[in-house]
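J.: Fold the following for me, if possible:
(one chain, ligands or ions: 2)
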Amino acid sequence: MTPQFDNSYARLPEKFYTRMQAEPVSAPKLLKLNSDLGTQIGLDTDWLQSEDGVAMLAGNKLPNGADPLAQVYAGHQFGGWSPRLGDGRALLLGEVAAPDGSHWDIQLKGSGPTPYSRAGDGRAWLGPVIREYLVSEAMAALNVPTTRALAVVTTGDTVLREDRYPGAILTRVASSHVRVGTFQYFASQQDTEALSSLLSFCIKRHYAHLKSDDALGFLSVVVDAQAKLVSKWMGLGFIHGVMNTDNCHVGGLTIDYGPCAFMDAYHPSKVFSSIDQFGRYAYGAQPEILVWNLAQLASSLLPLIGENMNAAVEQAQDALHAFGPLYTEAWKQVFFAKLGLTEGGEAEITLVQDLLTTMSDNQADFTRTFRRLLDGTARDEFVDRTAFDAWSENWQARQPDITLMSQANPAFIPRNHQIEAAIQNALKDDFELFERLSDVLSSPFSEQPDHEDLQAAPLDQERVAQTFCGT
Ligand code: AMP
Ligand code: MG
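T.: Ligands and ions are numbered 1, 2, ... in the order given. So this is what the prediction gives:
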């Protein structure tokens, strides 16, 4: 059955986007289809694998009702203001309605140049597409709000980066693709009417319980959603890597998997991204930088919060100040569960912090340490075992709930060196590791004895020290 698309973003004023077609690719081939996700959002997965389906996923053929466009937005990149960014290598085809009535944007990433491409070619190569597929789907299985990956097609065309690579397109699925930077774009032009249309679009999509013009309520729920999101990242040792305001989603989703990475050995100042020279987006800096991003959203919303500027500023500040307590609560929930504690106070916060400090002193592997608390073998992750034993005695005295812990501490995460290996193999037309990772990571909390090798921390020569944007 051919899908029926709509595009409600296209009904917003024309200054929100550039309407355009994808640039056709020469020989599209379906490399991966996420059938579970397809079914969940109401698409016929047999059709998606048909010639017409693959042509749609490659941008060569439009589905009924689609109205493809590149969205415009602005953003602060590493703190510097870019007045116009936008989809430089992506097109929003439109949206589909799922059986439960929810709406899902279908976006092709790597679909060719747009007016927002600047110096870029609008394309993606297979490496970053595989990385985004694996990591975003792993995040979903780890119960982290995220954009999803529906499919990977190879294009048959070559993409030029430091070398020549096979081109690919990722089909990204999300409840919307609106970023803090989208609000900033219109705020910087003092276009209050556009801001107000954008606000009501976002409220309808993400926070339908709010009144469509409740800017302050919107700010508060975004602050809350983002506080919960970043606490989940922290609990998994996830480093987004490029928390620019254009990569900060107003629905509280993880978006734009560029140089992201899961830490192996724990250290709060860990950075992977090759372009993050000063550690602006280091693991431990993420909550603070998020507040900075949310302050940009608050400032963009001011004209909608109230006519009296001083009063609006005060209200926006109050909403932002809520981040601290919301984050602390969310962090406690995440880390207490990791230690099997159903509740706790200051003493338990210290208990978590003491473990993290000992882990950092010992370069203990983040994921393995927490997982191995379950079967009592975590001490093997420490060089100074007596330091761990002292901590453990204190922790055991609280009679941790092992079931709670088994749902909070994954056995499997997408490790950098495995993703890298999957990409290198894929470049040699060997997709076995990609498939295996995709499969194993769909149940990250289950023990999977046949795949123990994927739990291992990297050997010294396997360790990935840096990740790249993949643009
Ligand atoms: P990112 O931080 O990776 O999300 O990208 C920042 C901006 O650069 C966005 O506006 C992207 O659309 C744009 N961009 C990234 N890669 C490319 C590319 N290969 N061609 C055109 N634009 C790109
Ligand atoms: Mg981006």
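J.: Using the three-state scheme, assign residue 152.
T.: Assigned with DSSP: H, G, I helix; E, B strand; the rest coil, residue 152 falls in the strand class.
J.: With residue 226 instead?
T.: Per three-state DSSP, the local secondary structure of residue 226 is helix.
J.: That one is in contact with residue 294, isn't it?
T.: Yes - using CB atoms under 8 Å, residue 226 is in contact with residue 294, at 6.3 Å. In this view, the C-beta of every residue, glycine as well, is placed from N, C-alpha and C.
J.: mind showing which ranges of this protein have poor pLDDT?
T.: By pLDDT under 70, the low-scoring segments of the chain are 470-471.
J.: residues from it in reach of ligand 1?
T.: Residues of the chain that fall close to ligand 1, judged by CB under 6 Å from any ligand atom: 85-89, 116-117, 120-123, 242, 244, 247, 256, 258, 469, 471.
J.: Out of those, which end up buried?
T.: The neighbour-count criterion (16 or more other CB atoms under 10 Å) marks 85-89, 116-117, 121-123, 242, 244, 247, 256, 258 among the residues of the chain next to ligand 1 as buried.
J.: near ligand 2 too, which of the residues you listed?
T.: The subset of those lying close to ligand 2, counting by CB under 5 Å from the ion, consists of 247, 256.
J.: just the buried ones among the residues of the chain next to ligand 1 now: which is nearest ligand 1?
T.: The shortest gap between ligand 1 and any of these belongs to residue 88, at 2.4 Å (CB to the nearest ligand atom).
J.: Which helix or strand contains the closest one?
T.: Under the criterion DSSP states H and E, no helix or strand holds residue 88.
J.: in the stretch 251-400 of the chain, which spans are helices?
T.: Listed from the start of the chain, the stretch 251-400 of the chain has helices (DSSP state H, counting those that start in this stretch) covering 286-305, 309-321, 323-338, 346-362, 366-372, 385-396.
J.: could those go into TSV alongside mean neighbour count?
T.: TSV is the format used below for those (neighbours: other CB atoms under 10 Å):
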stretch	mean neighbour count
helix 286-305	20
helix 309-321	15
helix 323-338	18
helix 346-362	16
helix 366-372	23
helix 385-396	15
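J.: Quick check: which of those is nearest to ligand 2?
T.: Of all the helices of the stretch 251-400 of the chain, helix 286-305 sits nearest to ligand 2, with 12.8 Å by CB to the ion.
J.: what helices or strands is that closest one leaning on?
T.: Under the contact criterion of 3 or more CB pairs under 8 Å, 6 or more residues apart in numbering; DSSP states H and E, helix 286-305 touches helix 180-188, helix 192-206, helix 215-236, helix 309-321, helix 323-338.
J.: Quick check: the gap between whichever residue of the chain sits closest to ligand 2 and residue 304.
T.: Among the residues of the chain, residue 256 lies closest to ligand 2, at 4.0 Å counting by CB to the ion. Distance, residue 256 to residue 304, using CB to CB, to the nearest Å: 26 Å.
J.: likewise residue 342?
T.: 41 Å.
J.: And for residue 375?
T.: For residue 375 relative to residue 304 (CB to CB), the value is 53 Å.
J.: Please apply the same query to residue 294.
T.: Noted for residue 294: a distance of 16 Å to residue 304, by CB to CB.
J.: Residue 334: what's it in contact with?
T.: Shown in contact with residue 334 (CB atoms under 8 Å, 6 or more residues apart in numbering): 231, 232, 234, 235, 408.
J.: So which residues on this protein come close to ligand 2?
T.: Within the chain, the positions adjacent to ligand 2 are 247, 256 by CB under 5 Å from the ion.
J.: From the contacts of residue 334, keep the buried residues only.
T.: Neighbour-count burial (16+ other CB under 10 Å) applied to these gives 231, 232, 234, 235, 408.
J.: how many neighbours does the closest residue to the second one other than its chain neighbours have?
T.: With CB to CB, 6 or more residues apart in numbering as the criterion, residue 232 has its nearest non-adjacent residue at 4.7 Å, and that residue is residue 144. Close neighbours of residue 144, defined as other CB atoms under 10 Å, add up to 18.
J.: Enumerate every residue touching residue 117.
T.: Residues counted as contacts of residue 117 (CB under 8 Å, 6+ apart) are 88, 89.
J.: With residue 446 instead?
T.: Residue 446 makes contact with residue 411 under the criterion CB under 8 Å, 6+ apart.
J.: Now the phi/psi pair for it, please.
T.: When quoted as degrees, to the nearest 10, the phi and psi of residue 446 stand at phi -90, psi 140.
J.: The one 5 residues further on now?
T.: The phi and psi torsions at residue 451 (degrees, to the nearest 10) take the values phi -120, psi 30.
J.: The one 5 residues further on too?
T.: Backbone dihedrals for residue 456, given as degrees, to the nearest 10, come out at phi -70, psi 150.
J.: and residue 154, what are its bridge partners?
T.: Beta bridges link residue 154 to residue 29, residue 168 when assigned by DSSP bridges.
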